[in-house]
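# structure of the sequence below:
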Amino acid sequence: MKTMDAYKSNEGGKGLVGILLLLFAKQLQGQHPICDDYIRVSRNTVVQAFVMEKLTINCTVGFCTDLPQVSWFKLNKGIFNPVTKTPHIQAQWNYLTSNSGISFLHFTNPSLDDAGLYRCSVNADQSMIISYSITVIVNDCQAEFSVSDGCWWRAPISASVTVSCGVRFRFALIVSWCREDWDTCLPLKGPSRHTLTWNHTGPGTGVSYLTLHNITLSDSGYYRCFVCLPDYCDVDTRSSQPMGLHVTRSGEVMEHCGEDEHPVCDMLSVIVDITRIILFVVATLVVMTLTLCWVLKARGKWSPPVWNALELPEWSLSKTYHLTLRWVQRKTLMRFMMTVCDSV
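Numbering: from 1, shown residues only. Coordinates of the predicted model:
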């Protein structure tokens, strides 16, 4: 009896374990495998690009069954608004495995307006998973100057003259002035002799004014306005076209633009004109003299003039050098021309 009772007791224990296993198996039936959707974006991610250069940000997405909807948002006035696809903003999806992939957001021609905070998100099982923010920085190294070509100023000694330079910019800047010195442009020194004024005319535009006080003749030259660019730019500065200042001993302050010629150009033009006249006169005399010599020789009426002997060294000298020495000795153009005629 005892043996039978013990057997029954053991059979009852096994049955209890089987019932528990059966209940646990039924509980697991109808349930999906344990799996969570996820987004991976590192904290404090920063991406930098230049204006009009390609820019791409991305986030890694993992999912359990079907690919969820992946969306991008941008922070605007404290609210994350959906990113609208445009010709220069496109989204792309690439699979890594059957249950993961990367969502890309491409900017083909980024502008300063594209800078800001971005996040990607997925809709999974009636819930939304949002990534950490990605900071996008768009740098701009462009600074445009508005200076009329060929403009220059004329001012008398001890006067004050003001020159201007229009600037278009997309970043915070400080406009300075320099003066050309051969192949460099030296920043102006001595603030007591000049004043800089800035007039903000609108978003991203302004005019810088340089006023020179009590000018002297040494202030004549070419001036430029320039800006210092941020450290991320390839060059340190950008400068405008040169603007000329001509200081005279008398007269009034005048600005010349367009077709007006610079005084230096006027003086050079006069020198060129005088040189042309002199060359024309000399060429005319040479042609006339040679023609006369040829006619006289043809008629047999030419007799070379007798000059005072000029002692020359015995070593060889060119005919041109001989003629030049004779002309210098006689100091008359006519005798020089006759010497030329005699040598024909």
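
# low-confidence ranges, the stretch 101-250 of the chain, go.
Regions of the stretch 101-250 of the chain meeting the criterion pLDDT under 70 are absent.

# ok, and what's touching stretch 55-65?
Under the contact criterion CB atoms under 8 Å, 6 or more residues apart in numbering, stretch 55-65 has outside partners 32-33, 35-41, 45, 47, 49, 68, 70, 96, 99-107, 110, 114, 118, 120, 122, 124, 131, 134, 136, 138. C-betas here are computed from N, CA, C, even on glycine.

# what does stretch 160-173 give?
By CB under 8 Å, 6+ apart, stretch 160-173 touches 51, 112, 139-140, 142-147, 153, 155, 175, 177, 204-215, 223-225, 227-228, 230, 240, 243, 245, 253.

# equivalent analysis for stretch 243-256, please.
In contact with stretch 243-256 (CB under 8 Å, 6+ apart) are residues 147, 151-157, 159-161, 163, 165, 212, 215-224, 262-264.

# quick one, what contacts the residue sitting nearest the centre point of the chain?
Residue closest to the average C-alpha location in the chain (CA atoms, centre = their mean): residue 142, at 5.3 Å. By CB under 8 Å, 6+ apart, the contact list for residue 142 reads 51, 169-170.

# next: residue 90.
105-106, 108.

# so what's it bridging to?
Per DSSP bridges, the residues bridged to residue 90 are residue 106.

# also residue 129?
Under the criterion used (DSSP bridges), residue 129 bridges to residue 122.

# can you tell me how far it sits from residue 222?
62 Å (CB to CB, to the nearest Å).

# out of the contacts of residue 90, which are buried?
residue 105 (16 or more other CB atoms under 10 Å).

# so which of the contacts of residue 90 comes closest to residue 82?
Residue 82 has its nearest neighbour among these in residue 105, at 11.8 Å by CB to CB.

# can you map out the helices along the stretch 101-250 of the chain?
With DSSP state H, counting those that start in this stretch, there are no helices along the stretch 101-250 of the chain.

# all strands for it, in order.
Along the stretch 101-250 of the chain, the segments classed as strands by DSSP state E, counting those that start in this stretch run 116-124, 127-130, 134-139, 143-146, 152-156, 161-169, 175-181, 184-187, 194-202, 205-212, 221-228, 237-239, 243-248.

# please produce JSON lines containing those, extended by distance to residue 285 and mean neighbour count.
What follows is the strands of the stretch 101-250 of the chain, written out as JSON lines (distance: least, CB to CB, whole Å; neighbours: other CB atoms under 10 Å):
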{"stretch": "strand 116-124", "distance to residue 285": "80", "mean neighbour count": "19"}
{"stretch": "strand 127-130", "distance to residue 285": "95", "mean neighbour count": "13"}
{"stretch": "strand 134-139", "distance to residue 285": "69", "mean neighbour count": "19"}
{"stretch": "strand 143-146", "distance to residue 285": "53", "mean neighbour count": "16"}
{"stretch": "strand 152-156", "distance to residue 285": "40", "mean neighbour count": "20"}
{"stretch": "strand 161-169", "distance to residue 285": "48", "mean neighbour count": "18"}
{"stretch": "strand 175-181", "distance to residue 285": "44", "mean neighbour count": "17"}
{"stretch": "strand 184-187", "distance to residue 285": "48", "mean neighbour count": "11"}
{"stretch": "strand 194-202", "distance to residue 285": "54", "mean neighbour count": "12"}
{"stretch": "strand 205-212", "distance to residue 285": "50", "mean neighbour count": "18"}
{"stretch": "strand 221-228", "distance to residue 285": "42", "mean neighbour count": "19"}
{"stretch": "strand 237-239", "distance to residue 285": "51", "mean neighbour count": "17"}
{"stretch": "strand 243-248", "distance to residue 285": "38", "mean neighbour count": "20"}
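
# the ones you listed into a markdown table, with extra columns for distance to residue 64?
Shown next, in a markdown table, are those (distance: least, CB to CB, whole Å):
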| stretch | distance to residue 64 |
| --- | --- |
| strand 116-124 | 8 |
| strand 127-130 | 12 |
| strand 134-139 | 25 |
| strand 143-146 | 52 |
| strand 152-156 | 75 |
| strand 161-169 | 51 |
| strand 175-181 | 59 |
| strand 184-187 | 65 |
| strand 194-202 | 54 |
| strand 205-212 | 54 |
| strand 221-228 | 54 |
| strand 237-239 | 54 |
| strand 243-248 | 69 |
